[in-house]
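**Student:** I would like the atomic coordinates for the input below:
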Amino acid sequence: MPVSEVKDMGNNKVKVRGNLLHYIKWPLYLNIIWIVFVGLGYVVNIKAGAIMTFAEIVYFIITISVYFVFKQNIMKNLVDFGAEYSHIQHQMLHDMEIPYSLLDEHGRILWTNTQMDVICGDKSVKNKLVTAVFTDMKKEVLTFDEKGRNEIEIKFEEHVYKIILKRFSMNDLKENDLAEALTSTENSLISMYMFDETLVHKLTKENKGEKSVTGHIYIDNYDEVLQSVEATRRTLLVALIDRKINKYFAQYDGIVRKLENDKYFVVFKTKYINKMQTNKFSILDEVKTVNIGNGLPVTLSIGIGMGGNGLVDNYDLATAAIDMALGRGGDQAVLKDGNKLYFYGGKSKSVEKNTKVKSRVMATAFRDLIETKETIYIMGHHIGDNDSFGASVGFYRIAKTIGKEVHIVLGEVSSSVVPLVDTFRESEFYEEDMFISGSDAAANIGKNDALIIVDCSRAGYTEYPELVRRTQCLLVFDHHRQAEDVIDNAQLSYIELASSSTCEMVVEIMQYIPETVKINKLEAEAVYGGIMIDTNNFTNRTGVRTFEAAAFLKRNGADITKVRRMFRDDIGEYKAKATAIQNTEIYKDEYAISVCTAKEVSSPTVIGAQAANELLNVKGVKASFVCTAYNDQVYISARSLDKINVQLIMEEFGGGGHMNLAGAQVKDQSLGEVIQQLKNIISKRIEEGDF
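**Tutor:** The predicted structure is shown next:
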């Protein structure tokens, strides 16, 4: 049924239609019922029929008279009511406390009410684009959902507004000032309501700021620092460290409780996080000033958890954050806000532990895990290098000693690894399926199989990432600092940043397996090569345990001279490396940046890494960066000396590594864009005092 309408047709004629018309005429419709009853009356009795006929005639005359006599008055009253109602409705809209305006389909403001004028400073905004008046709005604001509705939030004149826009169609406009504003528009219009959310935002922020944040604080090198100071002064040293930590968090109304000699738990309010971020958790540097004769500076690892649904969630987030801080080498703070991670500090090298207790524990756990598995798969990172390949061979020999079927997942490898792979494949001592592709491994791996990931802790950087997702039992062994996308569902994760290489870690585990692992000459040379390459011929990142691992391999037949010959460059590679060094630009007097354009060599990325190592021998150079375009990507090799943490720079590109040795793979950017971004990052960190 159409909606009732009353229209002024001109010349004082009013047309009524719809339900209202039927309502006015309903007495006339009753005549039809009367006629039916008159007919029934004649059937019963002629006299009764005659009486009813007379009554019908009288009723008809009365209804007709009433209809025509009072119709004009009724119409006039209806028109007056409608006009008055329309005026009241328009006035209410004009004086409505909620700011309201009408836009055309292009976003041009056609009409505004009083409150909208107040917000706009009583300035005329009619015929202006809404995006020009409210600059926080974007053009996409005029896109609507299926119901023709859109809701956004903007800031305007120090206020926060929630804006609701709704598209509608308007026909047959009434004659008023609003209608006059719309005479030039089409049927499609947009209504815009503005709700002041400033107080809500303020209260929400205050409420969020009052929520409690939890944190863990660990002293990274507690035992080493105590051993470096006289026994009589150790109590004083610990007291000074406690005082520094308590004093720092006291200024933020924090509560610090000591759990163990080297572990603390802290609780404070969220509103202080911004201040801590601004000073980059200055406690990391302040605690290093504690010196009463200790030979080593004290370093802390801090894990902060916030953004959870309560204290329990924040505690879990803080635990994950401290694990990340320790996995990245310590001397840093990690803030975990829900799923977001923020890193601060990380300027110190990892402290090498002389004790091998952790290696023994990991070796026992490793053996217990794989002993229950049927087949063992071993996989390194994409474009495997000598450390990745050597570690794979080492774990291959351990798993074989335990009596398991083992396969190494291998794809594209660097040029220095190719001769080793060929030697293993040609040897009759090894099975034909010792090396398999990632797709074959993914097709065959079962529920009772295990995957060992070496020299990498990020699924996306492995040789075949799909295999990581399909495996139910993961074991990770790596010596690089952890990143945000670290594999977090491994049954066993051994990440030792102080190790020179993953091969060094494998050698230590090998010595603690109950079954005596007999590694042959070829395998020993493959593992030795991994250590030699990652330490740049035992000049970088070497410690006591590095040489102990090398000695073990030497005792098992590794020919050091043969390994060194294996990694000599041919003349083409040597020239390519020399060209990369020749193209070097010294940026900010201390940072060497170069481009490796080697195209005729088998592994340009290896040449880039070697060039980065060589550039550190230049006087005054604190860090070197060599960019290589290869396989539609830009590979960055970063090296540094002293306290320049190149890992933090590479993380800006989605990469990672060690403090003094890191790298990244950049997609969808040209060499020039990558170099410019690299310069910008270096400049920014210099300005912020990180370098």
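
**Student:** Only the buried residues of stretch 442-459, if you could.
**Tutor:** By 16 or more other Cβ atoms under 10 Å, the buried positions in stretch 442-459 come out as 442, 445, 449-459. Using the backbone N, CA and C atoms, a C-beta is placed for each residue, glycine as well.

**Student:** for the spatially closest residue to Gly530 that is not a sequence neighbour, helix, strand, or coil?
**Tutor:** Leaving aside its chain neighbours, Gly530 sits nearest to Gly390 (2.9 Å; criterion: Cβ to Cβ, 6 or more residues apart in numbering). At Gly390 the chain is in helix, as set by DSSP: H, G, I helix; E, B strand; the rest coil.

**Student:** pretty sure Gly390 contacts Met532?
**Tutor:** No: contact criterion Cβ atoms under 8 Å: Gly390 and Met532 do not qualify, at 9.3 Å.

**Student:** And for the residue nearest to Gly530, the neighbour number?
**Tutor:** Per other Cβ atoms under 10 Å, the neighbour tally for Gly390 reads 35.

**Student:** for it, what are its contacts?
**Tutor:** Going by Cβ atoms under 8 Å, 6 or more residues apart in numbering, Gly390 touches 501-503, 506, 526-531.

**Student:** Just put the residues you listed in CSV and tack on distance to Glu548.
**Tutor:** Shown next, in CSV, are those (distance: Cβ to Cβ, whole Å):
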residue, distance to Glu548
Ser501, 13
Thr502, 16
Cys503, 13
Val506, 13
Ala526, 18
Val527, 13
Tyr528, 13
Gly529, 17
Gly530, 15
Ile531, 11
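
**Student:** I'd say Asn489 and Leu475 touch.
**Tutor:** No: Asn489 lies out of contact with Leu475 (Cβ under 8 Å); the separation is 11.4 Å.

**Student:** When these two are compared, which one has more neighbours?
**Tutor:** Leu475 (24 against 12).

**Student:** so what's the residue nearest to Leu615 when sequence neighbours are not counted up against?
**Tutor:** Excluding its sequence neighbours, the residue lying closest to Leu615 (Cβ to Cβ, 6+ apart) is Ser624, at 3.6 Å. Under the criterion of Cβ under 8 Å, 6+ apart, the contact list for Ser624 reads 591-594, 611-613, 615-616, 638-640.

**Student:** circling back to that earlier point, for Ser416, see how far away the residue nearest to Gly530 is.
**Tutor:** According to Cβ to Cβ, to the nearest Å, Gly390 stands 11 Å off from Ser416.

**Student:** same deal with Arg425?
**Tutor:** 16 Å.

**Student:** Report how many residues lie close to Asp285.
**Tutor:** Asp285: 16 neighbours (other Cβ under 10 Å).

**Student:** For Lys644, which non-adjacent residue is spatially closest?
**Tutor:** No, residue 644 isn't Lys; it's Ile. Ile644's closest residue in space is Ala623 (Cβ to Cβ, 6+ apart), at 4.5 Å.

**Student:** how about that neighbour, what does it touch?
**Tutor:** 590-592, 638-641, 644, 646 are the contacts of Ala623 under Cβ under 8 Å, 6+ apart.

**Student:** Could you rerun that using 7 Å?
**Tutor:** 591, 638-640, 644, 646 (Cβ atoms under 7 Å, 6 or more residues apart in numbering).

**Student:** do the same with Gly295
**Tutor:** Ser228.

**Student:** what pLDDT does it get?
**Tutor:** Confidence at Gly295, expressed as pLDDT, is 74.

**Student:** Got phi/psi on it?
**Tutor:** phi -70, psi -20 (degrees, to the nearest 10).

**Student:** ok, now how distant is it from Glu224?
**Tutor:** 9 Å.

**Student:** could you pull out the helices for the stretch 1-150 of the chain?
**Tutor:** Assigned by DSSP state H, counting those that start in this stretch, the stretch 1-150 of the chain shows helices spanning 19-44, 46-95, 114-119, 130-133.

**Student:** how about the third one as PDB, C-alpha atoms only?
**Tutor:** The C-alpha coordinates for helix 114-119 follow below in PDB (Å, rounded to 0.1, in the frame of the first residue of the first chain):
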ATOM      1  CA  THR A 114      23.700  25.100  13.100                       C
ATOM      2  CA  GLN A 115      26.000  22.700  15.000                       C
ATOM      3  CA  MET A 116      27.900  21.900  11.800                       C
ATOM      4  CA  ASP A 117      28.400  25.700  11.300                       C
ATOM      5  CA  VAL A 118      29.700  26.000  14.800                       C
ATOM      6  CA  ILE A 119      32.300  23.200  14.200                       C
END
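
**Student:** Going by neighbour count, which residues in that helix are buried?
**Tutor:** 115-117, 119.

**Student:** export the contacts of Ala623 to CSV and tack on neighbour count?
**Tutor:** Shown next, in CSV, are those (neighbours: other Cβ atoms under 10 Å):
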residue, neighbour count
Tyr591, 25
Ala638, 27
Arg639, 27
Ser640, 24
Ile644, 23
Val646, 27
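
**Student:** which one of those residues is nearest His381?
**Tutor:** Using Cβ to Cβ, Ala638 comes nearest to His381 of the contacts of Ala623, at 16.3 Å.

**Student:** what separates the spatially closest residue to the closest one that is not a sequence neighbour from Leu678, distance-wise?
**Tutor:** Excluding the flanking residues, the one nearest Ala638 by Cβ to Cβ, 6+ apart is Val646, at 3.8 Å. The spacing between Val646 and Leu678, counted by Cβ to Cβ, is 11 Å.

**Student:** Same check on Ile649?
**Tutor:** Ile649 is 7 Å from Leu678, by Cβ to Cβ.

**Student:** Now do the closest residue to Phe567 other than its chain neighbours against Ala549, distance only.
**Tutor:** Sequence neighbours aside, Ser416 is the residue nearest to Phe567 in space, at 5.5 Å (criterion: Cβ to Cβ, 6+ apart). For Ser416, the distance to Ala549 (Cβ to Cβ) stands at 20 Å.
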